[in-house]
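J.: Turn this into a structure:
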Amino acid sequence: MTKTYADFAAFWPYYLTQHADPRTRAVHYCGTVLGCLLVLCCAAGGGFWTLIAAPVAGYGPAWAAHALIERNRPATFTYPIWSFAADFRMLYCAATGRLGAELTRAGLA
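T.: Residues are numbered from 1 along each chain as shown. Reported below is the predicted structural model:
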């Protein structure tokens with residue numbers, strides 16, 4: 001049975017536990033950045049196909065990392081909006097040097 005979370009603050013530590021391996025996080029960062037770049041390409045006139053490719057490029061490798069590295073089910077399937085937001089929060093925390101503190105709070109470091 002899947003645990004339910006009342007809000008994003010309660011979901012965030014769970015999300016981090018599902019991304020405990022740094023390799024999984026690295027794949028997520030690449031997918032998130034690539035997805036954003038494809039959306040920007042579409043906005044810049046790159047064609048509608050880039051908008052269609054964005055979620056495939058973003059989520060495909062991330063889901064593969066969950067299957068091959070973490071051996072868990074992506075949180076996206078149960079919490080799609082919170083997982084989407086958490087992808088960006090995790091990337092932001094990593095880019096600003098704050099992820100270590102977040103992992104410690106989640107009991108992972």
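J.: May I ask which helix or strand encompasses the spatially closest residue to Tyr79 that is not a sequence neighbour?
T.: Closest residue to Tyr79 apart from its sequence neighbours, by CB to CB, 6 or more residues apart in numbering: Phe11 at 6.1 Å. Just so you know, the C-beta spots here come from the backbone N, C-alpha and C atoms, and that holds for glycine as well. Per DSSP states H and E, Phe11 falls inside helix 8-17.
J.: Might you calculate how far that helix sits from the centre of the chain?
T.: 12 Å (CA atoms, centre = their mean, to the nearest Å).
J.: And for it, what's in contact with it?
T.: 3, 5, 75, 79, 82-83, 85-86, 89-90, 102-103, 105-108 (CB atoms under 8 Å, 6 or more residues apart in numbering).
J.: what about this structure, any weak spots by pLDDT?
T.: Scanning the chain for pLDDT under 70 picks out the ranges 1-2.
J.: any idea which residue of it is furthest from its center?
T.: In the chain, the greatest distance from the average C-alpha position (CA atoms, centre = their mean) is reached by Gly45, at 26.4 Å.
J.: Name the SS class of that one, please.
T.: Recorded secondary structure, Gly45: coil (DSSP: H, G, I helix; E, B strand; the rest coil).
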